[in-house]
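# Take this sequence and fold it.
(2 chains)
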Amino acid sequence: MNKGPAIEARELRKTYLNTRGVFRRQKVEHAALQGVDLSVERGELFGLLGPNGAGKTTMVKIFTTLLLPSSGSAQILGLDAIHNPRAVRKRIGFVFGGERGLYWRLSGLDNLRYFADLYQIPPDLSRRRIAELLDALGLKGREHDKVEGYSRGMKQRLHLARGLLNEPEVLFLDEPTIGLDPVGGRELRALVRRLADEGVTIFLTTHYMLEADAICDRIAVIKKGEVVAEGTPSSIKTVVQDQGVVEFETDGLAAGRIESLRSLEDVSTVIVEERDVAQVVTIHCTSPGDLAAGLGALLDGQQIRKLAVREPTLEDAYVQLIGEST
Amino acid sequence: MRLRFISPFAVLGWLLFPTIFAAVGLFVLNRPGETPDQVAYGVLGGGLVGYWGVAYLDGGFGIQSERWNGTLEQIFAAPTPFWVILAGKSVGSVLWGMLSFVPTLALAFFGFHAVVPHLNGGAFAASFAVLSFSFLCVAFGFAPLFALWRWAVPMINGFELGFYLLCGFMFPVTILPLWAQGFAAALAPTWATTAIYAATTSSGPHYFAYWWAAAIALSLAYLVGAWWLYRLVDRKARISGELALA
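Numbering: from 1, shown residues only, chains lettered A, B, ... in the order given. All right, here's what the predicted structure looks like:
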């Protein structure tokens, strides 16, 4: 039996061809993945973090045999996901975030029965498996209701039940908690962690840092189609270990002042987030205490509220790696 | 099948549209002085139009609604081959389409007291089976186009109406211009429809074996084309990502 990695990508590239214009149509290439190398061990809960458009979904779609890469290789459980998709499909499950991907006019039970047929699960086994999943995912008692009447959390749990029907050895979850309320998100995370503890390899994409920090064994950060960091959540945090974070709230901070903050020698990132009518400014720097003390002078006349100095989190490391600042 | 059963649009396909076609056909063709052949077109025409519409449109729109549901990728990535899933859907569409004869024949019998002038039961049943096979092959053959190219969907109505006109569902193909008859001859349902109407009249030639052979041969040719298209879907959809909505 093959005991290699559960997921392995080598030099994975994907380029999409888009067209522009109506009369004079132009073909434009867009590189979604630019030579990704990645390896996930069996039984691992692996998180792929990245902003929108970084290539997370493209990577999941290649691993789940929905997309072909432009070049490179992708292996799932030692099987070639590019040339042997059928063998891979039998052994994996996948769940894409959001509410779509279900037959809303059918009941939850009918949805699961239909997909059990498509996964060629024998009727006896499928009946037993569906009952177990409905129970485990808290959908028992509502299985005969049409999916259109389900809450978002229930739909997401039904997605997960569908993804688990064939008892997959590897489960791909593409932003599974997107749009869920905090309680629903926490329940789903606990469930995903439990699956990983039971031995299922899980490949999770998310842009929620807390989610990745809380449940993932290892993380990779992807930016513009390239993996920029890989390791355990604590090792990723070392990117910012010699730094601290200064945060404050203000209004109408001029672009020139933001630039002057960025130009300071020990400042690595300045993020300005609009929150209702206020601006929340987050500064990553090597001497947060000094910066906080001198902030009033630096932003002469600017009102500063809720000034705080804190230790960096995984989110800060992520921001540092992604280099996103506004 | 269950999705079709609960869809209000499906009811339009098998109940409302064929009934309207049948009513118009019966008004025009079931009048004193019309020939028995024409009465047969009035009695069966609406049902055939509805049958074709459901068998063909359900195939195409079925794929599009899977795309809208976000389930097209899910079924594509299931271990069951995509062509098997679409074959099952096409069989379902053909079976569902047969319902069109319920309202149209009821309207003919109870509303217009019209029946087919003659019935060669064996030939009719065989011709109907051949017609069903040809519908299945067209629906199954067209389905991958809708999976592969989103822009194929707007063409769907054009093909549907083209088949109405060319296959002789409501009038004999022989009244079409010669150039149009050439196109009609390339369509498998044309030959099966000719056989169906021949089985309901005692007059005219009855070259059943020839018509059935033509319909079956063309249907098989469509299947060969479909086999190539499904191979293309398997590859091209994975290159372009066209199965997703966006």
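# tally of neighbours for B:Val224?
When neighbours are counted by other CB atoms under 10 Å in any protein chain shown, B:Val224 registers 10. C-beta coordinates here come from the backbone N, C-alpha and C atoms, glycine included.
# In the host helix or strand of B:Leu26, which residues are buried?
If you go by DSSP states H and E, B:Leu26 is part of helix B:17-29. By neighbour count on 16 or more other CB atoms under 10 Å in any protein chain shown, the buried set for helix B:17-29 is B:Phe17, B:Pro18, B:Thr19, B:Phe21, B:Ala22, B:Ala23, B:Gly25, B:Leu26, B:Leu29.
# ok, and which of those residues reach chain A?
Among those, proximity to chain A is found for none (CB under 8 Å from any CB of the partner chain).
# Serialize those residues to TSV and add fields for distance to A:Glu29.
Shown next, in TSV, are the buried residues of helix B:17-29 (distance: CB to CB, whole Å):
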residue	distance to A:Glu29
B:Phe17	45
B:Pro18	49
B:Thr19	52
B:Phe21	49
B:Ala22	54
B:Ala23	56
B:Gly25	54
B:Leu26	59
B:Leu29	59
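# which one of those is nearest chain A?
B:Phe17 (21.2 Å; CB to the nearest CB).
# surely that closest one meets B:Leu57?
No. Counting by CB atoms under 8 Å, B:Leu57 is not a contact partner of B:Phe17; they are 9.8 Å apart.
# Would you mind naming what in the stretch 101-250 of chain A lies close to chain B?
A:101-106, A:110, A:115, A:117-120, A:162, A:166.
# what ranges do the helices span in chain A?
Using DSSP state H, the helices assigned to chain A run over residues A:56-63, A:85-91, A:108-118, A:123-136, A:152-164, A:182-197, A:209-215, A:233-237, A:255-262, A:288-298, A:314-322.
# Quick one: list the elements packing against the shortest one.
Using 3 or more CB pairs under 8 Å, 6 or more residues apart in numbering or on different chains; DSSP states H and E as the contact criterion, the secondary-structure elements in contact with helix A:233-237 are strand A:218-223, helix A:314-322.
# Any idea which of the ones you listed gets closest to B:Ala108?
strand A:218-223 (64.8 Å; CB to CB).
# pull the CA atoms of the closest one into CSV?
What follows is strand A:218-223, C-alpha atoms only, in CSV (Å, rounded to 0.1, in the frame of the first residue of the first chain):
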residue,chain,number,x,y,z
ARG,A,218,0.1,23.1,9.2
ILE,A,219,-0.5,26.1,7.1
ALA,A,220,0.7,27.5,3.7
VAL,A,221,0.2,31.1,2.7
ILE,A,222,-0.4,31.7,-1.0
LYS,A,223,0.0,35.1,-2.7
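# now that strand: how far from the chain's centre is it?
9 Å (CA atoms, centre = their mean, to the nearest Å).
# ok, now stretch A:231-245?
That offset, for stretch A:231-245, works out to 19 Å (CA atoms, centre = their mean).
# Which positions in that stretch come out as buried?
For stretch A:231-245, by 16+ other CB under 10 Å, it's A:Pro233, A:Ile236, A:Lys237, A:Val239, A:Val240, A:Gln243, A:Gly244, A:Val245.
# of all of chain A, which residue lies closest to chain B?
A:Arg100 (2.9 Å).
# number of nearby residues for that residue?
Neighbours of A:Arg100 (other CB under 10 Å): 18.
# right, and it touches B:Glu66 too?
No. If you go by CB under 8 Å, A:Arg100 and B:Glu66 don't touch, sitting 10.7 Å apart.
# And A:Leu139, its phi and psi?
Reported as degrees, to the nearest 10, the phi and psi values for A:Leu139 are phi -110, psi 0.
# show me what contacts it?
A:Gly108, A:Leu133, A:Met154, A:Arg157, A:Leu158, A:Ala161 (CB atoms under 8 Å, 6 or more residues apart in numbering or on different chains).
# which stretches of chain B form helices?
Counting by DSSP H, the helices of chain B are B:2-6, B:8-11, B:17-29, B:36-69, B:72-76, B:82-97, B:101-106, B:112, B:121-148, B:156-166, B:178-185, B:188-198, B:208-240.
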